[in-house]
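Enquirer: Just to be clear, the model below is a prediction. Sequence and coordinates:
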Amino acid sequence: MFDGVTAIVIDDDLDSVEIFSEYLEIKGISVIGKGYDGKEAVVIYLKLRPKVIFLDIMMPNYDGFYAIEHILKSDPDAKIIVVTADMTSHTATRLEEHGIPVVYKPYELDTIMTVVENIIKDGFSRKLRL
């Protein structure tokens, strides 16, 4: 199902990045890059051009919105899935404006795979709604 799907994982928590990446690899998604803030997300995305970006919002220095703004500026069709504990309405509204699907922490691993499956079926459309 996920043959050829590449991803980068960006979160300021090192353990979260490692565990999440291992899970994706087990499910057949090739994790080709890992980063720990929004600025690294942009650099890694522009260098590796993965099909999917898993991105946290709340990170020190450069947050997920920094990454979203800069990645979408260079590639309006980038496929971003936000994985965050930030449940504020302000954050939800900003993500909806970009059509970015959100999975809230703590998440069920099956939910992550459902979102990825839906994006693949929908041709990686950022307009996907959960």
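Expert: Okay, I see it.

Enquirer: hey, let's count contacts and neighbours off CA atoms from now on
Expert: OK.

Enquirer: Which of the helices or strands spans Ile32?
Expert: Ile32 is part of strand 30-35 when elements are defined by DSSP states H and E.

Enquirer: Show the contacting residues for the closest residue to Gly33 other than its chain neighbours.
Expert: Leaving aside its chain neighbours, Gly33 sits nearest to Ile8 (4.6 Å; criterion: Cα to Cα, 6 or more residues apart in numbering). Residues in contact with Ile8 (Cα atoms under 8 Å, 6 or more residues apart in numbering) are 31-35, 44-45, 50, 52-54.

Enquirer: The same query, at a cut-off of 7 Å, please.
Expert: Counting by Cα atoms under 7 Å, 6 or more residues apart in numbering, Ile8 makes contact with 31-34, 50, 52-54.

Enquirer: just for the chain, where's the confidence low?
Expert: Low-confidence segments of the chain, defined by pLDDT under 70: 122-130.

Enquirer: Identify the residues contacting stretch 22-38?
Expert: 2-3, 5-12, 21, 41, 44, 59-60, 62-64, 66-67.

Enquirer: for the chain, what spans make up the helices?
Expert: Counting by DSSP state H, the chain has helices at residues 14-26, 38-48, 64-74, 89-98, 109-121.

Enquirer: Turn those into JSON lines, including distance to Val82 and mean neighbour count.
Expert: Formatted as JSON lines, the helices of the chain follow (distance: least, Cα to Cα, whole Å; neighbours: other Cα atoms under 10 Å):
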{"stretch": "helix 14-26", "distance to Val82": "13", "mean neighbour count": "15"}
{"stretch": "helix 38-48", "distance to Val82": "12", "mean neighbour count": "19"}
{"stretch": "helix 64-74", "distance to Val82": "8", "mean neighbour count": "18"}
{"stretch": "helix 89-98", "distance to Val82": "8", "mean neighbour count": "13"}
{"stretch": "helix 109-121", "distance to Val82": "10", "mean neighbour count": "15"}
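
Enquirer: Looking at those helices, which is nearest to Ile81?
Expert: Among these, the nearest to Ile81 by Cα to Cα is helix 109-121 (8.1 Å).
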